[in-house]
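S.K.: everything below, folded, please.
(one chain, ligands or ions: 1)
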Amino acid sequence: MPPVEALVNARRSIEARYRARTPESRALHERASQTLPGGESRTATWFAPYPTYIATGLGSTLTDVDGNALVDFTFNSTSVIHGHAHPDIVAAVQRRVAEGTAWNAPNAGQVELAEILCGRVPSLDQVRFCASGTEANMQVIKAARAFTNRDLIIKMDLAYHGTYEGVEIHQGADGWGGPGAPVSRGVPSNAVDNVLIAPFDDAEIVDWLLETHPGQVAAIVVNPAQTQGGLRAPSPGYLRALRDAADAHGTLLVFDEVITLRLARGGGQELFGVLPDLTAMGKIIGGGLPVGGFGGPAEVMEIFADRQPPVLPHAGTFNGNPATMAAGIAAMQLLDAPAFERLAELGEALGEGLRAASRRAGVALHVTQVASVVGVEVPRGGAFAAEILDLIVLELLNRGFKAASMMTVSTATTTDEIRALEDALTDVLCELRPVIAQVAPAVTEPAASVG
Ligand SMILES: Cc1ncc(COP(=O)(O)O)c(C=O)c1O
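M.R.: Next comes the predicted model:
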């Protein structure tokens, strides 16, 4: 059988099992496709043949509309750090929404969450809230431009900073824009004129870009650990070199900590020991509700101060809304030192479990782990890498696990769940190994004898 046909057949049988398990999801997807383009509102959650519709999330378990339980290792793209529907967070939100959900005035919850974040994240004197991580990145970039009176930013190759055209340039996922190119139509072609691209983890290129654009670069924007295109921790010295380069050129250093804030109490900046000027946040600070936040030293954040007219207006109907603030406060209060220890231990166990499965099955997945975040790639998979990973993820769904190329744990995750995932992944890889050996032989290696 030609190699590609083997892969097509593998997809056919995995999809057949998926379809048999998920008729209600399929029906909902068909209905949704009438009123939602593609049947979805979120590019990142769609997959072929159709996404699973989830009915409930409790702790680390999702239950789909067909009644299938799925152990979650994605936690809404790393945002639900205490698992789904944590009772303390639910109670805080219930109390708050019963008293009204939003009004044209600030609320005390904003003050409390701002104080918590400024008390934890070392570079923050002041913060503002918005409704998403995308907006947080928009605002820090705008602030850096306003503060420095410069237009250009340096962004890292593949790095994702949200669905905002100012950063939707060579953003990552396969085919989404080549080097320096917009990720899609709709991003104005001149958006690239304001963005210089450097590879992640290469400070020399950043130095060179700053030297060849003197006095023009407002910000170096970086994820302290890059999460798109494979999870990558910074090499020792990289972030420090960016800090020095920014200082030498009057450029602001911006950390997108939308994901990395979960790596330690003070986020990636604390874990890696380098402080940015401005920080974009999101995900965990909203306790599972929609959120974004951004901040830095008072000297820079002052440009947002509300006077008439403000230097930099920053409006938003749901900025700092009481329900999100209540959820965020409850989530942050639960996120104490033992919680971080537990998350790091579970993250390590997950990374080890995935590596063990890959050794046992003789399929060389590349697994990277930084605290509670774990990345999985199919190295040397060439043109078939993405499809191989998609099939692995789909077959894991068939076996009751929600996995992804970037996985995570929550404080609700158990070591038993991780062991069960390891066993399921071993079986899935053993099943797919003959197909992988045909389409991407370099991915397979001798299977380790199972002890
Ligand atoms: C590093 C990073 N920045 C920004 C964003 C955008 O956040 P949001 O989806 O809340 O707009 C994300 C979302 O996944 C992210 O991972």
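S.K.: what's the neighbour count on I89?
M.R.: Applying the criterion other C-beta atoms under 10 Å, we find 24 residues in the vicinity of I89. The way it works is simple: take the backbone N, C-alpha and C, and place the C-beta from them, glycine included.
S.K.: measure it to S77 for me?
M.R.: In this structure, I89 and S77 are separated by 17 Å, where distance is defined by C-beta to C-beta, to the nearest Å.
S.K.: same deal with A20?
M.R.: With distances defined as C-beta to C-beta, the gap from A20 to S77 amounts to 28 Å.
S.K.: more neighbours: which of those two?
M.R.: Between A20 and S77, counted using other C-beta under 10 Å, the more crowded position is S77 (18 against 10).
S.K.: show me where pLDDT drops low in the protein?
M.R.: Counting by pLDDT under 70, the chain has low-confidence residues at 1, 172-179, 449-451.
S.K.: what does it have sitting close to the ligand?
M.R.: With C-beta under 6 Å from any ligand atom as the criterion, the chain meets the ligand at residues 77, 132-134, 137, 160-162, 223, 227, 256, 258-259, 282.
S.K.: among the residues you listed, which are located in helices?
M.R.: Secondary-structure check on these using DSSP state H: residues within helices are S77, G133, T134, N137.
S.K.: among those residues, list the two that are farthest apart in space.
M.R.: Pairwise distances across these (C-beta to C-beta) peak at 14.9 Å, for the pair S77 and N137.
S.K.: for the residue of the chain found nearest the ligand, what are its contacts?
M.R.: Per C-beta to the nearest ligand atom, the residue of the chain with the smallest distance to the ligand is G133, at 2.4 Å. For G133, the contacting residues are H161, G162, D256, V258, A280, M281, G282, K283, G292, by C-beta atoms under 8 Å, 6 or more residues apart in numbering.
S.K.: ok, and the most crowded of the residues you listed?
M.R.: When neighbours are taken as other C-beta under 10 Å, the top entry among those is D256 (33 neighbours).
S.K.: any idea how far N137 is from that one?
M.R.: Separation of D256 from N137 (C-beta to C-beta): 6 Å.
S.K.: kindly report the same for L263.
M.R.: From L263 across to N137, the span is 18 Å (C-beta to C-beta).
S.K.: more crowded one of these two?
M.R.: N137 (28 against 25).
S.K.: enumerate every residue touching that one.
M.R.: In this structure, N137 makes contact with H161, G162, Y164, V167, V221, D256, V258, A280, F294, judged by C-beta under 8 Å, 6+ apart.
S.K.: just the closest of those residues to A331, please.
M.R.: Of all the contacts of N137, V258 has the smallest distance to A331: 14.9 Å, by C-beta to C-beta.
S.K.: which ones are touching the closest one?
M.R.: For V258, the contacting residues are G133, A136, N137, H161, G162, A280, M281, G282, K283, G292, by C-beta under 8 Å, 6+ apart.
S.K.: same check on Q126?
M.R.: Taking C-beta under 8 Å, 6+ apart as the contact definition, Q126 lies against A114, C118, G295, G296, P297, A298, M301, E302.
S.K.: could you pull up the residues touching the first one?
M.R.: For A114, the contacting residues are Q126, V127, F129, taking C-beta under 8 Å, 6+ apart as the criterion.
S.K.: switch to 7 Å and redo it
M.R.: Residues in contact with A114 (C-beta atoms under 7 Å, 6 or more residues apart in numbering) are V127.
S.K.: same question for the fifth one.
M.R.: For P297, the residues meeting the contact criterion (C-beta under 7 Å, 6+ apart) are D125, D277.
S.K.: give me that answer again for 10 Å
M.R.: With contacts taken as C-beta atoms under 10 Å, 6 or more residues apart in numbering, P297 has the following neighbours: S123, L124, D125, Q126, L252, L275, D277, L278.
S.K.: got it, and the second one?
M.R.: With contacts taken as C-beta under 10 Å, 6+ apart, C118 has the following neighbours: L124, D125, Q126, V127, G295.
S.K.: any of those residues buried? List them.
M.R.: Buried residues within those, counting neighbours by 16 or more other C-beta atoms under 10 Å: L124, Q126, V127, G295.
S.K.: how about the first one, secondary structure?
M.R.: Secondary structure of L124, reduced to three states by DSSP: H, G, I helix; E, B strand; the rest coil: coil.
S.K.: quick one, phi/psi of P182?
M.R.: The main-chain torsion angles of P182 are listed as degrees, to the nearest 10 and equal phi -60, psi 150.
S.K.: can you tell me the closest non-neighbouring residue to it?
M.R.: Leaving aside its chain neighbours, P182 sits nearest to I169 (5.7 Å; criterion: C-beta to C-beta, 6 or more residues apart in numbering).
S.K.: do G133 as well
M.R.: Spatially, and ignoring its direct neighbours in sequence, G133 is nearest to G282 (2.9 Å; C-beta to C-beta, 6+ apart).
S.K.: who are the packing partners of the helix or strand hosting R31?
M.R.: Counting by DSSP states H and E, the element that carries R31 is helix 23-35. For helix 23-35, the contact count by 3 or more C-beta pairs under 10 Å, 6 or more residues apart in numbering; DSSP states H and E identifies helix 3-21, strand 54-58, strand 61-64 as packing neighbours.
S.K.: can you tell me the strand partners of the last one and which way each runs?
M.R.: Looking back up the chat, that one is strand 61-64. strand 54-58 (antiparallel), strand 69-72 (antiparallel) (DSSP bridges).
S.K.: what are the buried residues along that strand?
M.R.: Applying a neighbour-count criterion of 16+ other C-beta under 10 Å, the buried positions in strand 61-64 are T61, L62, D64.
S.K.: what's the answer for stretch 298-307, then?
M.R.: Using 16+ other C-beta under 10 Å as the test for burial, stretch 298-307 gives V300, M301, E302, F304.
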